[in-house]
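S.K.: quick one: sequence plus predicted model below, questions after.
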Amino acid sequence: MVVFRSAALHSCVLLALVALFFVLPAYHVGAFSRIMVLAIYAIGYNLLFGYTGLLSLGHAMFFAAGMYGFGLSMNFGGLTVLPAFAVGVTAAGLLSVAVGFLALRTIGVAFMIVTLMFAQTFYLVILYFGEYTRGDEGFIIQQAQRSIAGIDLTTETARYFTAFILFAICFLAMARLVQSPFGKRLVAIRENEERARMLGYDVGRLKLAALVVSGLFSGVAGAAYAMLFGYVGASFAAVHYSIFPLLWVLLGGAGTTVGPLIGVIFMFYLIDVSSSFTNAYMLVAGIALVLLTLFAPQGIAGTLRKRAVSWLP
Amino acid sequence: MDFGPHLMLASIEGAVISAILVLTAMGLSIVFGVMRVVNVAHGEFFMLGAVFAWAVSTMIGGHAAFGFVAALLIVPVLVGCIASGVDQLILKRIDYDVDRTIVATIGILYIVQQSTLMLYGPEARPVEPPFNTRLALPWFEFGADGFQMIWPWGLSVTTYKLFVIFAAISVLGVLWFVLTRTKIGLIMRATQQDREMAQAFGVPVNRVYSWVFGLGAGLAALGAVLVVPIQQAHYLMGGDPLLLAFIVVIIGGLGSLPGTVIAAVLIGMSDGIISVFFSPTLAKIIATFLVAMVLVFRPQGLMGRVAA
Amino acid sequence: MAAVSILETKGLTKIYGGLQANTDINFSLRRNAITALIGPNGAGKSTFVGMVSGRTKPTNGSVFFEGQDISRLPAHKRIQLGMAYTFQITSIFPGLTVEDNVALAAGRKLAHDKTAHAQKTAAVLDKIGLGDRADQVASDLSYGHQRVLEIAMGLAQDPKLFILDEPTQGLAEGEVDAFVTLMRTMAKETTILLIEHNMRVVTETADHVAVLDQGRLLASGTVDEIHANAAVQAAYLGTTANA
């Protein structure tokens, strides 16, 4: 029953996203392409924060690793889109293994600060090699290069559906993952790490696995962003982009499968609307963070689950 | 200029950086020590201090010294009050839960920073120093004519920079006195060691927390008032002090005040010296990475009493 | 030898900053029996089982489980070998349902086989009497039920050795009776090392008793032997057993 319901819910979400393409005006179609890519990032972050209970303040480095792995290997390595995409995701994966080995030795506040500092190091390295990365200014990936098997990814339709396919894969894969024994074990770590260990689970390895999967998803999102929007810049590695997924997941509902998408949609439009009034649009993010911690620590989907639909995955 | 005089100049710069840093980091460290929370918005209180210092000194007018003295007196108190208000309004309500406090202070960071952008604007604005006489410094050299004193061109320090160093040392002295020799210090230490026990003995823990949070922000603001005559006030200026203060507090041992002072001098001096001789980005990369590694491999050792 | 004893410690010692919590403990635990570990507060009982289960690192000495030296294994590896451990202070997954709690405990061995996993979980819940509360969130349970749930989580692992650290602490009289009954049924399937303050529970369940005092193994034997032991009476029983 629960399995059926959750399958129905996830299909409905995906169907709605397909339908949106046909009903939304062009501007919002573009917005939703972006939202779906960022939602992949949020889904990855959610596995670590929402399910495993590890609060990272440095996920931008994985996003940026995917982005730069893709962009640099295209512009300097002469790769085509698909191999470059693989390079980007691999880069994020390797980085998350390395960061995981080191950062997971710490817990709590120390883990947050360590991830923050590693991400800051990564950001500064991007600036330091400005000759290749063009630093804050970033670089463009030529439109002509951005195609797969003759399909031009820069048209609105191709962009929307590429983003959709990637999102759908990640969304469904994560929904399966968190309901698998592996996912349950991660939740166990979140709930009571010592108990999980004393049930015979190798907590260290599970946490590393969660971090790496989370890093890979972030890398997919970063590479997809560069592929679909043709821009690679250091601002995506800056601390803002580590805070964003935290904000999205908190807003949408940590530890829920649909929460990340909801969070990104809400935040995207909040910032979109407020930036037409003021250049201080991050004010909205700040207010949202404070209000969420004060009044709705479980986010939108989390509150729904608590109040009305207890089966929400 | 030769290497020697150059190094001396760098050391003076380093001492000035240390002086500001020690105040900022001290604020972060006291808050962590007593309240066991990490205040990510600390750098924004520093920035507020700088912006308010500009506002106060512009409003007062007349000789630069009037504005500066007024800022020195008013601004830390003002920023401290704002921080206490934030504590009462937000942190108290989430019961100083470690994770949620971090998320909430990230939110506060953006609120303070972006509100400043809206109200004060994106410009960087200077504050005129109250006095700024340039003092040439001598250098000793062993030349052909034996030991001699020369006055290399460019080797100088302003009286204002000397004042900053002196001011920071005085503030530290007062702080040390208050924390170790007065009842206020006793209450703070009692709260730090055991919140429940202190409460049971009639310490108004909530009020102490509010004061401590205000004191921490006030120290950062004081550092900022001292720095604006050297560095201009800008809404994004809080990032670097936050990062440096974090580094200092971690190296010095979270919550350990003597450790914080030593680490601030160490980091400030090396930051001053390294950035004169090397690319500042490279210096930051190395510093940030090393601090992360310190936390990874010696969390207990360097974080002192966190485990308890 | 492996046939008789399931667990042995040799010269197990723990020093906390100059304080000897456990001194040179040579202990052997009989298979398929209930052994109670007793001793006054601060005798080092928790330190001892901490070192056995791998939660505490010994200063010296070694631990053998079924003849294998496990002194260097981390806690989760020891659990995988067939130990189960219940905490002195109730330790469950508070945000999950009762069923999920038990399923997680059973799932380490059975997660690959959905049917067996579900059956095992249901069987344990039934046995322990929490079947009708399967969907309740664990943190909503009463204290007594939470303790029972933790024991269920131990059972669900089908352990060869079940270490219970003061399981009856804080339970009401009636709940203690139910616990004693449960212990007797468990004893048919597994070896139990029971740390217990309540002497009634000890006399009603234990086949063997070991006495720790000031970090040293003072005596061990059957309940009657321990009762007769003068040293034990002086150190411990004389003050509390009659209470």
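M.R.: Ah, there it is.
S.K.: isn't B:Val178 up against B:Ile184?
M.R.: Yes - B:Val178 is in contact with B:Ile184 according to C-beta atoms under 8 Å; the separation is 5.8 Å. C-beta coordinates here come from the backbone N, C-alpha and C atoms, glycine included.
S.K.: list the buried residues of stretch B:185-202.
M.R.: Neighbour counts over stretch B:185-202 (16 or more other C-beta atoms under 10 Å in any protein chain shown) mark B:187-188, B:190-192, B:195, B:198 as buried.
S.K.: need the residues you listed in a markdown table (columns: distance to A:Asp152, pLDDT and secondary structure).
M.R.: A markdown table is the format used below for these (distance: C-beta to C-beta, whole Å; pLDDT from 0 to 100; DSSP: H, G, I helix; E, B strand; the rest coil):
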| residue | distance to A:Asp152 | pLDDT | secondary structure |
| --- | --- | --- | --- |
| B:Ile187 | 69 | 87 | helix |
| B:Met188 | 65 | 85 | helix |
| B:Ala190 | 69 | 85 | helix |
| B:Thr191 | 65 | 85 | helix |
| B:Gln192 | 63 | 83 | helix |
| B:Arg195 | 63 | 82 | helix |
| B:Ala198 | 68 | 84 | helix |
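S.K.: ok, now how distant is the residue of chain C found nearest chain B from C:Thr59?
M.R.: Nearest to chain B in chain C, going by C-beta to the nearest C-beta, is C:Gly17, at a distance of 13.4 Å. Distance of C:Gly17 to C:Thr59, given as C-beta to C-beta, to the nearest Å: 11 Å.
S.K.: please apply the same query to A:Gly71.
M.R.: 55 Å.
S.K.: give me the more crowded residue out of these two.
M.R.: A:Gly71 (29 against 15; other C-beta atoms under 10 Å in any protein chain shown).
S.K.: my read: that one touches A:Ile141, true?
M.R.: Yes - contact criterion C-beta under 8 Å: A:Gly71 and A:Ile141 qualify, at 5.8 Å.
S.K.: give the residues shared as contacts by those two.
M.R.: A:226, A:232 (C-beta atoms under 8 Å, 6 or more residues apart in numbering or on different chains).
S.K.: so can I have TSV of the buried residues of stretch B:185-202 showing distance to B:Gly253?
M.R.: Listed next are these as TSV, based on distance: C-beta to C-beta, whole Å:
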residue	distance to B:Gly253
B:Ile187	22
B:Met188	17
B:Ala190	20
B:Thr191	19
B:Gln192	14
B:Arg195	20
B:Ala198	22
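S.K.: out of these, which is nearest to A:Thr303?
M.R.: For these, the minimum distance to A:Thr303 (C-beta to C-beta) is 30.6 Å, reached by B:Arg195.
S.K.: contacts only, for that closest one.
M.R.: B:Val205.
S.K.: do you know how far it is from B:Arg36?
M.R.: 8 Å.
S.K.: in what helix or strand does the residue lying closest to C:Leu171 once chain neighbours are set aside lie?
M.R.: Leaving aside its chain neighbours, C:Leu171 sits nearest to C:Gly144 (5.6 Å; criterion: C-beta to C-beta, 6 or more residues apart in numbering or on different chains). Here C:Gly144 is covered by helix C:143-155, with elements defined by DSSP states H and E.
S.K.: average pLDDT for that helix, rounded please.
M.R.: Helix C:143-155 carries an average pLDDT of 87.
S.K.: could you do stretch B:272-281 as well?
M.R.: 75.
S.K.: looking at it, B:Phe140 is touching B:Gly146, isn't it?
M.R.: No - contact criterion C-beta under 8 Å: B:Phe140 and B:Gly146 do not qualify, at 11.1 Å.
S.K.: with neighbour numbers in mind, choose between the two.
M.R.: With neighbours defined as other C-beta under 10 Å, B:Phe140 and B:Gly146 compare such that B:Phe140 has more, 10 against 7.
S.K.: that one falls within a strand, correct?
M.R.: Yes - under DSSP: H, G, I helix; E, B strand; the rest coil, B:Phe140 falls within a strand.
S.K.: report the beta-bridge partners for it.
M.R.: Beta bridges link B:Phe140 to B:Met149 when assigned by DSSP bridges.
S.K.: gap between it and B:Phe3?
M.R.: 14 Å.
S.K.: chain B versus A:Thr278, what's the distance?
M.R.: 6 Å (C-beta to the nearest C-beta, to the nearest Å).
S.K.: do the same with A:Phe268
M.R.: In terms of C-beta to the nearest C-beta, A:Phe268 sits 16 Å off from chain B.
S.K.: mind listing what that residue touches?
M.R.: Applying C-beta under 8 Å, 6+ apart, the residues near A:Phe268 are A:31, A:34-35, A:38.
S.K.: equivalent analysis for A:Tyr128, please.
M.R.: Applying C-beta under 8 Å, 6+ apart, the residues contacting A:Tyr128 are B:279, B:281-282, B:285.
S.K.: which residue sits closest to residue 270, ignoring its sequence neighbours?
M.R.: By default, I'm working from chain A. Per C-beta to C-beta, 6+ apart, closest to A:Leu270 is A:Val284, 5.1 Å.
S.K.: wrong one, chain B
M.R.: B:Gly14 (7.1 Å).
S.K.: ditto for B:Phe66
M.R.: Here the residue nearest B:Phe66, using C-beta to C-beta, 6+ apart, is B:Ile60, at 5.2 Å.
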